[in-house]
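> Please find the sequence and the predicted model below.
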Amino acid sequence: MKKLYFLSVLSLLAMGCGRFSNKEEKMPGNMRIVCVSKHLTEMVYALGEGKTLVAVDLSSTYPDSAKLLKTVGYHRALSPEGIIAMNPDLVIHSNDIGPETVIPQITKVGLTVKTFGSANTIDSAKLTLKELANFYGVPQKADSIIKQMDASINAAADSLKAMHITKKPKVMIIHFGRASNIYFVMSGRNGVGDKMIALAGGETAIYDAKGAKQLSAEAIAAANPDVIIATDFGFDQMGSMEKFIAGVPGVALTNAGKNKNIIRFEEHDLVYFGPRSGDNILSLMKQLHSFKNVQ
């Protein structure tokens, strides 16, 4: 009897080992993947591998197909339980997630995690795109996308030259942080937003604050931007341009507020570089230089 029991246990263990080994042996194109970094989400779809994603973070809002997936929390405030519940073969991220405990918690229960690069510059975006393409076994797709990226970014640069701009507008980005539940200035830290402003022919308004801090009406007034870019979620929750100007501290005191020079722009188009960056730069450029009172 003991011998039979021992053989049964060994059989169960073998079956269990087989299950996990099969999971590990899956090809990337057949995996269940949770992606919790928004630029990786867009790139996975651009590579034609969106079918592998079963869940994303709340900030992964491009393309529209990503909005149909289950979410596992904001990328800075992820839910370990939500990730685990998706039973993924792999979780991918870009070292831009939180809280710090989330990775130890999900790896402790046996989930596999893989880190890819950032997209804080055009060059790093290209490298990350190649990383992902190599992972999926479609390197030629990355080459094609990068060729298109270069062409569109060069076209945007040519368009800027053709505009013969004589005065660069001072620009500020105001973003609503859903994790912290506050408005803050996203520009002025040499991030992607600042680079986008420069590529679109503007300059960053100087805001006397460090990091992502709640708005100071006095500092906003002192910075006095000609144009304010409001990211989509924060703008939309105010309900209109007039309510945004009146409701966000200090905005009404600026030239941008007084002249109603407010641009609503998608957050995901300002916080990383990727396949559509050339088009995004061109769109921002046209809007920045459409205001007659800053030319």
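Yep, that arrived.

> Only C-alpha atoms from now on, for both contacts and neighbour counts.
Fine.

> following the lowest-mean-pLDDT helix or strand in the chain, which helix or strand shows up next?
Confidence across the helices and strands of the chain bottoms out at helix 2-24, with a mean of 38, counting by mean pLDDT, DSSP states H and E. Moving toward the C-terminus from helix 2-24, the first helix or strand encountered (DSSP states H and E) is strand 33-35.

> pLDDT averaged over that following strand - what is it?
Rounded to a whole number, the mean pLDDT of strand 33-35 is 98.

> State the number of residues packed around residue 104.
Other residues within reach of residue 104, judged by other CA atoms under 10 Å, total 11.

> Next one: it from residue 73, what distance?
From residue 104 over to residue 73 the distance is 17 Å, taken as CA to CA, to the nearest Å.

> just residue 144 next, same as before
Computed as CA to CA, the residue 144 to residue 73 distance reads 33 Å.

> Excluding chain neighbours, what is closest to residue 274?
Distance criterion CA to CA, 6 or more residues apart in numbering; nearest residue to residue 274, sequence neighbours excluded, is residue 125 at 5.8 Å.

> Which strand or helix spans the one you found?
The secondary structure element spanning residue 125 is helix 122-136 (assigned by DSSP H and E).

> next one: residue 55
With DSSP H and E as the test, residue 55 turns up in strand 53-56.

> For that strand, the averaged confidence score.
Along strand 53-56, the predicted confidence averages to a pLDDT of 98.

> Next secondary structure element downstream of it?
Of the helices and strands lying after strand 53-56 in sequence (DSSP H and E), the nearest is strand 70-71.

> Which residues outside that following strand are in contact with it?
The contact list for strand 70-71, computed with CA atoms under 8 Å, 6 or more residues apart in numbering, reads 54, 55, 56, 57, 58, 82.

> Equivalent analysis for stretch 252-272, please.
With contact meaning CA under 8 Å, 6+ apart, stretch 252-272 is reached by 38-39, 59-62, 119-121, 125, 175, 191-193, 196, 220-221, 223-233, 235, 241, 245-246, 251, 277, 280, 287-288, 291, 293.

> Now, of these, which are buried?
Among those, those buried by neighbour count (16 or more other CA atoms under 10 Å) are 38-39, 59-62, 119-121, 125, 175, 192-193, 196, 220-221, 223-233, 235, 241, 245, 251, 277, 280, 287-288, 291.

> and the residues you listed, which of them are in helices?
For the buried ones among the contacts of stretch 252-272, membership in helices holds for 38-39, 125, 192-193, 196, 220-221, 223, 232-233, 235, 241, 245, 277, 280, 287-288, with DSSP state H as the criterion.

> contacting residues for the closest residue in space to residue 112 that isn't next to it in sequence?
Nearest in space to residue 112, with sequence neighbours left out and distances taken as CA to CA, 6+ apart, is residue 90 at 5.0 Å. The neighbourhood of residue 90, defined by CA under 8 Å, 6+ apart, consists of 31, 32, 33, 34, 111, 112, 113, 114.
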